[in-house]
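> Fold the stuff below for me.
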Amino acid sequence: MFGLEITGVTKAFGAHKAVDDVSLAIPQGEFVCFLGPSGCGKTTLMRMIAGLETPGDGTISLNGRDITRQPANVRKFGMVFQSLALFPHLTVGENIAFSLRLQGKDARQRKARIEELLNLVRLPDMEKRAVSQLSGGQRQRVAIARALAQEPPIFLLDEPFSALDAKLREEMQIELRLLQKRLKITTILVTHDQREAMSMADTIAVMGEGKIQQHGGPLSIYRAPANKFVANFIGLSNLLPVEVLDRETVRFGANILKVASTPEPSASTQATLSIRPEDIQITSASQQQDNTVACKITFVRDMGSSVEVHLDCEGADLLSVVQPRDWTGAGAGDIAHLRLPQNQCRVLAA
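A predicted model of the protein is given here:
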């Protein structure tokens, strides 16, 4: 049985549907990311799961029990917000003990739980420290410890790392993922950072316009985007206008290309072909093979660990990313021959 089930959930603010008929099942112990741009509905969906917003339609169930109308304080889900919302006038230990006091835990029980959680988040012996004396990463750990104090069935995090610098953010991402695996707690992370989602989640729910555009494992979403929105949002993707000729053949300008099977193809249909920059191979004219297209180089950017090659191909902008050892050293204005491997060329659903 799924731990958390969201069925046909809708939430509107006036005429605007922030969440539009969303259904999702999250198994017990899974780490899922709600990923999408600002305004896509991901935070509103998380707030409904938390009990901070009430759905207009649909149901939310935990272990088969309907909790749609249950108040947030009854659900007792652990939550970490973007602002962290720590109590500045309380010490580290007092912040963590706040929910334990509400549960009626005595002083001995509170102290034991505080010590356990501080060790868990790698802040031993900091119970008496004032919150104002902590670094950003330490405050983040205290917020996580406070959210875990009451042993919640669901752990919710809304953009928790956005205020941290890049290096600390990556360190905290790793720490949180290791902690989640250790505790085996069902975790939902709301983020607009695709790198964060790709590196942390068991599954990703890509959201756009209030709907889940695609749900699946990080690599499956990256390698096989369901539509143009997902291909454009997850990583870098070349999106080329093509005409579908049959299930495995398209026309791109004057070029006939073989592609991975198209979704419900129709001859003469205008469509979009997606291929990742790292999948495009730059070859010499003498090595031309099937699915080879001649393009003009417009700009080359050497990034040290990789070389970005920008090209004009049949009037479309194309990007290829190659390893320095594979780069020919050509420059702007030169003609490059690109091989687009068939199994990496995907015609996207409308």
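> Quick one: low-confidence residue ranges for this protein.
Scanning the chain for pLDDT under 70 picks out 1-2, 262-268, 284-288, 350.
> Give me the distance between Gln140 and Ser199.
Per Cβ to Cβ, to the nearest Å, Gln140 is found 17 Å from Ser199. No exception for glycine: its C-beta is placed from N, CA and C like everyone else's.
> Tell me which of those two has more neighbours.
Neighbour count, other Cβ atoms under 10 Å: between Gln140 and Ser199, Gln140 has more, with 25 against 14.
> number of nearby residues for the residue nearest to the more buried one when sequence neighbours are not counted?
Once flanking residues are discounted, Gln140 sits nearest to Met172: 5.6 Å by Cβ to Cβ, 6 or more residues apart in numbering. Neighbourhood size, Met172 [other Cβ under 10 Å]: 18.
> ok, now how distant is Met172 from Ala316?
40 Å.
> Pro160 now?
39 Å.
> Domains in this structure, by residue range?
Domain ranges of the chain: 4-228, 236-347, per automatic domain parsing.
> Off-centre distance for the first one?
Relative to its parent chain, domain 4-228 has a centroid offset of 13 Å by Cα atoms, centre = their mean, to the nearest Å.
> Let me see the ranges of the helices in this protein.
Counting by DSSP state H, one finds helices in the chain at the ranges 42-50, 72-75, 92-102, 107-120, 136-148, 166-183, 194-200, 218-223, 228-233.
> CA atoms only: put the second one into CSV for me.
Written as CSV, here are the backbone C-alpha positions of helix 72-75 (Å, rounded to 0.1, in the frame of the first residue of the first chain):
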residue,chain,number,x,y,z
ALA,A,72,-2.1,20.5,10.3
ASN,A,73,-1.5,20.1,14.1
VAL,A,74,-3.3,16.7,14.0
ARG,A,75,-1.3,15.4,11.1
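> May I see the buried residues of that helix?
Judged by neighbour count (16 or more other Cβ atoms under 10 Å), helix 72-75 contains these buried residues: Arg75.
> Would you mind listing the outside residues contacting that helix?
The contact list for helix 72-75 (Cβ atoms under 8 Å, 6 or more residues apart in numbering) reads Ala50, Gly51, Leu52, Leu62, Ile67, Ile154.
> residues contacting the fifth one?
By that I understand Ile67. Contacts of Ile67 (Cβ under 8 Å, 6+ apart): Gly51, Ile60, Ser61, Arg75.
> measure the last one to Lys42 for me?
Looking back up the chat, that one is Arg75. Arg75 is 19 Å from Lys42, by Cβ to Cβ.
> do the same with Asp202
In terms of Cβ to Cβ, Asp202 sits 17 Å off from Lys42.
> Those two: which is more packed in?
For Asp202 versus Lys42, the count of surrounding residues by other Cβ under 10 Å is larger for Lys42: 29 against 17.
> which residue sits closest to that one, ignoring its sequence neighbours?
The shortest distance from Lys42 to any non-neighbouring residue, by Cβ to Cβ, 6+ apart, is to Phe34 (3.9 Å).
> follow-up on the earlier one: so who does the residue nearest to Gln140 touch?
Contacts of Met172 (Cβ under 8 Å, 6+ apart): Gly137, Gln140, Pro160, Phe161, Leu164.
> what two of those have the greatest distance between them?
Farthest-apart pair in the contacts of Met172 is Gly137 and Pro160; separation 11.4 Å (Cβ to Cβ).
> which one of those two has more residues nearby?
Legend: neighbour count by other Cβ under 10 Å for Gly137 and Pro160, higher for Pro160 (26 against 19).
> Columns distance to Pro324 on top of the contacts of helix 72-75, output as a markdown table?
What follows is the contacts of helix 72-75, written out as a markdown table (distance: Cβ to Cβ, whole Å):
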| residue | distance to Pro324 |
| --- | --- |
| Ala50 | 47 |
| Gly51 | 52 |
| Leu52 | 50 |
| Leu62 | 51 |
| Ile67 | 54 |
| Ile154 | 46 |
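> Find the pair from the residues you listed with maximum spatial separation.
Farthest-apart pair in the contacts of helix 72-75 is Leu52 and Leu62; separation 15.6 Å (Cβ to Cβ).
> Looking at those two, which is more packed in?
Taking neighbours as other Cβ under 10 Å, Leu52 and Leu62 compare with Leu62 leading, 20 against 16.
> does that one really touch Pro153, like I thought?
Yes - contact status for Leu62 versus Pro153: in contact at 6.5 Å, counting by Cβ atoms under 8 Å.
> Enumerate every residue touching the residue nearest to Ile212 when sequence neighbours are not counted.
Spatial nearest neighbour of Ile212, excluding adjacent residues (Cβ to Cβ, 6+ apart): Ala205 at 5.0 Å. Counting by Cβ under 8 Å, 6+ apart, Ala205 touches Leu24, Val32, Cys33, Phe34, Leu35, Ile212, Gln214, His215.
> Of these, just say which sits nearest to Gly304.
Among the contacts of Ala205, Leu35 lies closest to Gly304 (Cβ to Cβ), at 28.1 Å.
> beta partners for that closest one?
Thr191, Val206 (DSSP bridges).
> How much space separates it from Pro152?
22 Å.
> Can you pick out the residue with more neighbours from the two?
The residue with more neighbours, out of Leu35 and Pro152, is Leu35; 29 against 17, by other Cβ under 10 Å.
> got the contact list for that one?
Lys42, Thr191, His192, Asp193, Gln194, Ala197, Ile204, Ala205, Val206, Met207, Phe233, Ile234.
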